[in-house]
Structure formats: C-alpha cells, structure tokens
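Participant: Task: produce atomic coordinates for the following.
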Amino acid sequence: MRYFFVLLCIVLGLTAYRAGVVLTNGLPLYVDEAQYWFWAQNLAWGYYSKPPMIAAVIAATTAVCGDAEPCVRAGSLIFYPLSTFILFFLTRRLFDEKTAFIAGLIFITLPAVGLSSLLISTDVLLFFFWTLALFAFVRVLNSAAWLDWILLGVALGLGLLTKYTMGIFFLSAAVYLLLSGRWQVFISLRAWVAVLIAAVIFSPNGWWNWQHDFPTVQHTAEISHLEQAGLHWRSLAEFFGGQFGVFGLVFFPVLLSLFLRFQRLQQLPQAGLLLSFSLPFLLIISLQALLGTANANWAAPSYVAATVLVAAGLVRWQQQRLLILGLMVNIALFMGLYHYQSLAHGLGVELTAKNDLYKRMRGWDEIGQQYLALQANYPQALPLAEERSVMSELTYYARPAGLNIVSWNPEHQLRHHYDLVTSLTGRVGQEFLFVSTGRLPAEMADYFEATEQVGELRAAIYADYQLVYPVYRLQNFKGLNPQ
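Facilitator: Predicted coordinates:
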C-alpha cells in the first residue's frame, strides 16, 4: 500500500491547501451556489433545475459548521478526495498500484477538479457516484457478489438523484457488455435487482416531477436549445475547446491520440471497458453541442475512465516526461485560478470586467447589506424580484425573515425555482420592495395603489463594471386581476 499512502498524503495536503484558499479568497457565492443553499433550507425530492442531492449535501455541511460560504462549499473538499481514493482502487483492480497512483494524481490535479474544489456544484457529486458505480461495475464483472450488485444499484440511484446524465452509465455498460460478449449479464437476476434498487432510489424524484408537471425535464430541454434548427458548429467548437480546460492542455491531446490510434490502444488491457465509459458520454454531449448547446463541464464524468486510460497508456509506454509535463501544466492552471487576483496585482495588470474571471461573483455581499439597511425602513414590506440571480443572491446575503422572498410572476410562468415555490396569490394589500434590474415595468403600476423608487443598490466592482439595482416600494397589492 506504499503508493496509496503517498497518494493519501498528497491528496490530504492538496485538500488542506484548497481549504485554505476557500477560507481566505473572500469570494461571494455564485448565483447557482446561492440557489442551492436556498434549496437546502427547504429539502424536497426535487427542484426546478436539478434533482435533490446537491441540496442534501449542502444541508449536511451547513448543519455542521454554519451557513458561511466555506461551509456551503465544503462538500467539494470532501467528495473530490473520496472520488480520488475510489479511482485508485478501481485502477489498481484493472492494472496495478503504480498505474492507480498516477490515475489518482491526474484526477485530483485536473483543471476542472481544481476550479470546482473552490465551489459547490452537481459535478462534484456526479464525479463521486459515477466513480463509485464504475468501481462496483468492475467488481461485479469478476465476482458477481450480491453486495457488489447492491453497491452498483445504490451508486446509480444516488447518481440519478444528483444529475440525470448519470443515466448515460446504463448506455456505457450496455455498450461494453455487448462488445465484450457478456450477454448473460442482461438476463442476470442480480443485474436486474441492481437496476430495481436504482429505480427505487430515484423514484421519489420521478414522483416529485410528476406532481409538478416535470419542471426539471422542461428546464433540461430549455438549456440544451435542441429546438434550434440546423447544425451549430461554433457551439461544438466551443465545447471541444473547453475540454482542454476540463482535462488539461496536455492530457486531453494524449486522450485524443489514444482514441485515434486504435490499434495501439488495443494493446492496453481493459481498453474496451475504459472506452465504453468515456467515449460515448463525450460523443453524446458533443452531439448535443452540435445540435444546440452544451457547457464544457457537461461531459465531466467521461474523464473518470479517461483518467484511467491516460494513466495506463503513460505507464505502458513509459512516458514519464509527458506525465510530469501534464501534471505541472494542470497544477499551474488551477493555482493560477486560485491566486488570479494576486498574480494580476504582482504583474501590474489592473483587473477589469474584461479580464476578471470572478467578476460575476463579486459585490453581492455588499448588495445584500444595502438591501437590509433599506428594508429596515419598511419592515412590513416583502422582497420582490423577477430575476433568478437577484432572488438567489438576496436570499443568501440579505436573509429576509423566513427567507420570504416572492417572485413577480403575475402570468404564472415557470422560469425558475422561485416561480415554482412562491406565489402572489392571497397577498392582496401586501406591501413589497421590488428589486429591479432597471426601470419599473409600466404595467406593474396597475397592480398597486402606489409605486415609488426608494433607493438603489449599487456595488462598484471596477471602473467599467458595477452592480446597480433600483428598489421600488409597491404599496397595497390589488391582486392578480386589478380593476
């Protein structure tokens, strides 16, 4: 276990360093993180845009250490190391301890893992459950033990409660079983028990979606933009370019070379298994990018098997220099992201809206305090907003009493989670403070007896970038059918 002990020390040291960065960088929560925190205050089996696992994890971490930003993000510092250790044991089972050690090193230093370690996102948990499911799958291929099948079913079910793209695991497994001639697995009782376990674990989210007219499915379709006609080559190119940032400027070309040099790839044991659990996912999201749009991180789980594949190839063909170069480039990338502001200052580069990678996260803590000061003048007023970003950030940084923020949605649209869980119904006579992104909509005055601008929330981030939100006092709501 010498290799595992060395990996353990490296991962724990790197995690402690990342924890230090999270504790000291002072970055406010990004809009998605603030929204996930809001979800965690009202645990349910589903939410407008995601299944419930991310909210459950945030609820657990904040229950331990409070609601400060580092506690909201603590899940990343827990689950990425766990994913690395599972990947080590998976790779050791397929190859040897040296390859497993290298796979663990590559994974924990991936640019995507490095950046995501400072935030909390569904990718953190999806990586974990995908890796755990692949580990269990490899075990059942060799042992067929009941416990391994049960572990596979649990990992798949929890993965589906994290992100629906976990479903691609079933496709990858089917591809491998077909190509390897393991037909008997398709009629195995134990395999179907694992599928049943996954279905039972996932079923509460399915029931939640049924009760709410499948908002998560609707949202997934909307962000994919598959309704757009034609082929979107620019979108595909952007997605493809983004994979260099996800897997690394060195390791992604190495992976592509392995895909393209198929005859050489066949020399690697377990190449078929690793291809089945990396290439289909990457191709599916690439097709989605071509037909609509796809973010670079949407194919992230493909890099679990891809990491093992690259590690095995580098060991097999003794490419130590390439390995060291890839690790150094990846470490330099995520360290540059961690200390972006300090590096810019040291190099004499003035941060602006054009070059600050974190600009969309800045200023919301200040905006929240300004809103609280304004709210004190109108204690009976409820916060009202229309934009998801405003509602998410205000809910976290202003913490209105009972988190009682209301979405302005007189036409009963379903645009975000706040439309789903808040309502203007039954609020006749209510006073609101409307936090707007600009002028008060002209039609809004018809719903209230009086409207007036009472303030402005403003955070000057840079000379060329600031947050500005006018605040309007809306008195005596007339109801959804004003006369």
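Participant: In the record's domain split, what are the boundaries for the protein?
Facilitator: 2-338, 360-477 (automatic domain parsing).
Participant: okay if I get these as TSV plus mean neighbour count, mean pLDDT and distance to residue 348?
Facilitator: The way it works is simple: take the backbone N, C-alpha and C, and place the C-beta from them, glycine included. As requested, the domains of the chain are arranged in TSV below (neighbours: other CB atoms under 10 Å; pLDDT from 0 to 100; distance: least, CB to CB, whole Å):
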stretch	mean neighbour count	mean pLDDT	distance to residue 348
domain 2-338	19	94	16
domain 360-477	17	93	16
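Participant: Including distance to residue 346, could these go into CSV?
Facilitator: Shown next, in CSV, are the domains of the chain (distance: least, CB to CB, whole Å):
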stretch, distance to residue 346
domain 2-338, 12
domain 360-477, 18
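Participant: So which residues make contact with stretch 89-103?
Facilitator: Defining contact as CB atoms under 8 Å, 6 or more residues apart in numbering, one finds that stretch 89-103 is touched by 1-4, 6-7, 87-88, 104, 131, 134-135, 138-139, 142, 269-270, 273-274, 307-308, 311-312, 314-315, 323.
Participant: Next, the distance between the ends of it.
Facilitator: Length of stretch 89-103, first residue to last, CA to CA, to the nearest Å: 10 Å.
Participant: what about that stretch, distance to the chain center?
Facilitator: 27 Å (CA atoms, centre = their mean, to the nearest Å).
Participant: which one's the longest strand in the chain?
Facilitator: strand 448-462 (DSSP state E).
Participant: so how far does stretch 177-195 reach from one end to the other?
Facilitator: Distance across stretch 177-195, first residue to last, is 15 Å (CA to CA).
Participant: typo on my end, it should be stretch 67-82
Facilitator: End-to-end for stretch 67-82, by CA to CA: 23 Å.
Participant: One more: stretch 434-441?
Facilitator: Using CA to CA, the two ends of stretch 434-441 sit 11 Å apart.
Participant: hang on, the earlier thing: what's the longest strand of the chain in contact with?
Facilitator: Contacts with strand 448-462, where a contact means CB under 8 Å, 6+ apart, come from 351-353, 356, 359, 362-364, 366-367, 370-371, 374, 377-378, 432-433, 435, 440, 444-445, 466-478.
Participant: Show me where this structure has its strands.
Facilitator: 382-385, 406-407, 432-435, 448-462, 465-477.
Participant: Strand partners (parallel or antiparallel) of the first one?
Facilitator: Read it as strand 382-385. strand 406-407 (parallel), strand 432-435 (parallel) (DSSP bridges).
Participant: could these be laid out in a markdown table, adding distance to residue 154?
Facilitator: Shown next, in a markdown table, are the strands paired with strand 382-385 (distance: least, CB to CB, whole Å):
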| stretch | distance to residue 154 |
| --- | --- |
| strand 406-407 | 36 |
| strand 432-435 | 43 |
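Participant: How much space separates the closest residue to residue 296 other than its chain neighbours from residue 472?
Facilitator: Nearest residue to residue 296, sequence neighbours excluded (CB to CB, 6 or more residues apart in numbering): residue 242, at 2.6 Å. Distance, residue 242 to residue 472, by CB to CB, to the nearest Å: 40 Å.
Participant: Residue 101 too?
Facilitator: When residue 101 is compared with residue 472 (using CB to CB), they lie 60 Å apart.
Participant: what do you get for residue 455?
Facilitator: Counting by CB to CB - residue 455 and residue 472 are separated by 9 Å.
Participant: what does residue 277 give?
Facilitator: Distance from residue 277 to residue 472, by CB to CB: 53 Å.
Participant: can you check residue 479 too?
Facilitator: 19 Å.
Participant: same deal with residue 121?
Facilitator: In this view, residue 121 and residue 472 are 34 Å apart by CB to CB.
Participant: excluding its backbone neighbours, what's nearest residue 136?
Facilitator: In space, residue 136 is closest to residue 152, 3.8 Å off (CB to CB, 6+ apart).
Participant: correct me, but that neighbour touches residue 138?
Facilitator: No - at 9.7 Å, residue 152 does not count as touching residue 138 under the criterion of CB atoms under 8 Å.
Participant: quick one, what contacts the closest residue to residue 440 other than its chain neighbours?
Facilitator: Using CB to CB, 6+ apart and skipping the chain neighbours, the partner closest in space to residue 440 is residue 472 (5.1 Å). For residue 472, the contact set (CB under 8 Å, 6+ apart) comprises 433-434, 436, 440, 451-454.
Participant: mind redoing it with 7 Å?
Facilitator: When contacts are counted by CB atoms under 7 Å, 6 or more residues apart in numbering, residue 472 touches 434, 436, 440, 451-454.
Participant: again, but for residue 180
Facilitator: Residue 180 neighbours (CB under 7 Å, 6+ apart): residue 272.
Participant: Mind doing that once more with 8 Å?
Facilitator: 272-273.
Participant: Likewise for residue 311?
Facilitator: Neighbours of residue 311 in contact, by CB under 8 Å, 6+ apart: 91, 99-100, 102-103, 106.
Participant: how about CSV for those residues, with distance to residue 14 added?
Facilitator: CSV is the format used below for these (distance: CB to CB, whole Å):
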residue, distance to residue 14
91, 18
99, 20
100, 17
102, 15
103, 15
106, 13
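Participant: Out of the residues you listed, which comes closest to residue 17?
Facilitator: Each of the contacts of residue 311 was checked against residue 17 using CB to CB; the closest is residue 106, at 17.8 Å.
Participant: State the distance from the nearest residue to that closest one once chain neighbours are set aside to residue 23.
Facilitator: The shortest distance from residue 106 to any residue other than its chain neighbours is 5.1 Å, reached at residue 307 (CB to CB, 6+ apart). Residue 307 sits 28 Å away from residue 23, going by CB to CB.
Participant: And for residue 429?
Facilitator: 46 Å.
Participant: Same question for residue 243.
Facilitator: With the distance defined as CB to CB, residue 243 ends up 31 Å from residue 23.
Participant: Likewise for residue 455?
Facilitator: 33 Å.
Participant: sorry, back to before: identify, from the contacts of residue 311, the entry nearest to residue 169.
Facilitator: residue 91 (17.9 Å).
Participant: Now do the helices in the stretch 51-200 of the chain.
Facilitator: 53-65, 69-72, 74-94, 97-108, 111-116, 122-142, 146-160, 168-179, 189-211 (DSSP state H, counting those that start in this stretch).
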